[in-house]
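**Q** Sequence plus the predicted model coming up.
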Amino acid sequence: QVQLVESGGGLVQAGGSLRLSCAASGRTFSSYVMGWFRQAPGKEREFVGAISWSGDTTYYADSVKGRFTISRDNAKNMVYLEMNSLKPEETAVYYCAADRTFIIPTIKKGLMDYWGKGTLVSVSS
């Protein structure tokens, strides 16, 4: 089993940057594909991006492509979400999630095995 804990959320001005971290428990972290999702108030959860087991492949939602970057450090059991040029509409709770398969259509639907509890990102205008 994998336990995930997000951190790094907070208040940032529009156009600013923030780096989220996700710490994973367990000795098999490198066996998991990691994804980031977000849920804005009153809206459904949406896919942000995903990174493969080794980190050599990433995939992003069109809305964040070019502004957000996902990376991972398997030696530290960590995955990161670097967010730049943030917009007020990106205010949301951001979640990391883990799954053993890198099937993008499945990941985009949020069909992940394990989830963190989320960290709140607030972007002021």
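**A** Ah, there it is. Residues are numbered from 1 along each chain as shown.
**Q** Who does whichever strand or helix holds residue 98 pair with, and is each partner parallel or antiparallel?
**A** Assignment of secondary structure by DSSP states H and E places residue 98 within strand 92-99. For strand 92-99, the paired strands and their directions (DSSP bridges) read strand 33-39 (antiparallel), strand 114-115 (antiparallel), strand 119-124 (antiparallel).
**Q** what are the ranges of the helices in the chain?
**A** In order along the chain, the chain carries the following helices (DSSP state H): 104-108.
**Q** Tell me where the model's unsure across it.
**A** Low-confidence segments of the chain, defined by pLDDT under 70, are absent.
**Q** where along it do the strands fall?
**A** Assignment of strands within the chain using DSSP state E yields the ranges 4-7, 10-13, 18-24, 33-39, 46-51, 58-60, 68-73, 78-83, 92-99, 114-115, 119-124.
**Q** Can you tell me which of the strands paired with strand 92-99 is most buried?
**A** Of all the strands paired with strand 92-99, strand 33-39 carries the top mean neighbour count, a mean of 24, counting by mean count of other CB atoms under 10 Å. For the C-beta atoms, the positions are set from N, CA and C on the backbone; glycine is no exception.
**Q** outside of that one, which residues touch it?
**A** Residues from elsewhere that reach strand 33-39, judged by CB atoms under 8 Å, 6 or more residues apart in numbering: 20, 22, 24, 45-53, 68, 70, 72, 79, 81, 90, 92-102, 107, 110, 112, 118, 121.
**Q** Name the nearest residue to the residue minimising distance to the centre of the chain, sequence neighbours excluded.
**A** For the chain, the residue lying nearest the average C-alpha position, counting by CA atoms, centre = their mean, turns out to be residue 36 (2.2 Å). Spatial nearest neighbour of residue 36, chain neighbours left out: residue 48 (4.2 Å); criterion: CB to CB, 6 or more residues apart in numbering.
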